[in-house]
Every structure is written in C-alpha cells, then in structure tokens.
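**Q** here is my input; please provide its structure:
(one chain, ligands or ions: 1)
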Amino acid sequence: MNSPLTVEVKEIWSALNSIPDPEVPAINIVELGVVRDVAVDGKRVKVTMTPTYSGCPAMKTMEMAVQELMVEMGYEVEIVIVYKPAWTTEWMSEETKEKLKVYGIAPPPKLTFEHLHPFSSPKNVEIKCPFCESNNTKLTSQFGSTACKSLYFCEGCHQPFELFKCH
Ligand SMILES: [Zn+2]
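**A** From the prediction side, this is the model:
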C-alpha cells in the first residue's frame, strides 16, 4: 500500500491536505489518517481510504470531496475503501491530537471495538478533559454536535466538552 512518491503523487497528497474533516474542520483528512494510499497511473488515480469506523456518516462526505478534488485536478478517480487494518488513533500525529485539544475536543482514547459502536458508551474508560486534563468527567449526552461525538461535562473546570468517539 505504499505507492512510489512521484511528483504527481506528492501533488495529490498536498492537495488532499486541503480537505477538512467534515466533523472537525480544524484538521484535514490526511491528518485524520483516513487517506491510506495514493497511486497514479497516467491520468488515473487510485485513492485508498479507511473509515474511522464502519458506518461513520462523515465518510461519504470525505469520499465525495476527494472525488471532486481529483476531477478538478484532471484525474479519473477510483476510491477504494479498505477496512483492514482498522483505523486507529495511532494514525494521527501528536500534533493533530494537540489541534483537537485546542478545539475543545478530547482526543479519542484507546477504545475497543465495542466502545466504538455508535450506540454504546465508553465504559471504564477514563476520558480526560481537554481544557484542564481532569479525569473527573461525565457523559452528558451520547450524541454531540454530530453523531461521531459525545458530550461530556468536566467536574474539574465545569466546562462541557466533546469526545471524538469514532475518530
Ligand atoms: Zn476540565
């Protein structure tokens, strides 16, 4: 899955950096780690993507944005979605996690598959407040501003914050 970094491939990677994550516009889809590979063959480009969890509603938006951008750049595009290996927060850099924090969003903790199910709540997982780093937090709502986030409240600094549960 590591296609050679030709001039065209590099150009495409940097163009993909301009597509924001629909859930958190502060970071882009490359930083998010969903773009796994870019391969170019003449005027054809194959972009391999891995959703942050299967069924993430934002994935379609991201696919469409990639599609549009590639067409704009004059390519015929094929998007391949791979589920294995599964997306992990390890694919986000520390810098990206820092950006999320600044945005008032707790970076996703290491969760099991069960935890990642959109209708289950992260149990026995310590969620740290992005503002004061207190572990004294509680879940207030399963769904935040989008289906991919949960609302939490920090008892330490008395501020609500969002947890990025599927990203
Ligand atoms: Zn706090």
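**Q** domain ranges for this structure?
**A** For the chain, automatic domain parsing gives the domain ranges 7-81, 104-164.
**Q** nearest to Met92, of those?
**A** Smallest distance to Met92 across the domains of the chain (C-beta to C-beta): 5.3 Å, for domain 7-81. C-beta: built from backbone N, CA, C; applies to glycine.
**Q** end to end, how far does the closest one reach?
**A** 24 Å (C-alpha to C-alpha, to the nearest Å).
**Q** next one: that domain to chain centre, how far?
**A** Chain-centre distance of domain 7-81: 12 Å, with C-alpha atoms, centre = their mean, to the nearest Å.
**Q** for the remainder of this discussion, apply numbering that starts at 314.
**A** Okay, using 314 as the starting number, the last item reads as domain 320-394.
**Q** quick one: mean pLDDT for it?
**A** Domain 320-394 comes out with an average pLDDT of 92.
**Q** against Val379, how distant is the residue of the chain positioned farthest from its centre?
**A** Residue farthest from the centre of the chain, counting by C-alpha atoms, centre = their mean, is Gly355 at 29.5 Å. Applying C-beta to C-beta, to the nearest Å, the value for Gly355 to Val379 is 19 Å.
**Q** again with Cys467
**A** As judged by C-beta to C-beta, Cys467 and Val379 stand 36 Å apart.
**Q** burial count for Ile394?
**A** 14 (other C-beta atoms under 10 Å).
**Q** for the closest residue to it other than its chain neighbours, phi and psi?
**A** Excluding its sequence neighbours, the residue lying closest to Ile394 (C-beta to C-beta, 6 or more residues apart in numbering) is Met362, at 5.7 Å. Here is the backbone geometry of Met362 (degrees, to the nearest 10): phi -130, psi 150.
**Q** so Met362 touches Ala378, yeah?
**A** No: checked against C-beta atoms under 8 Å, the pair Met362 and Ala378 is beyond contact range at 10.9 Å.
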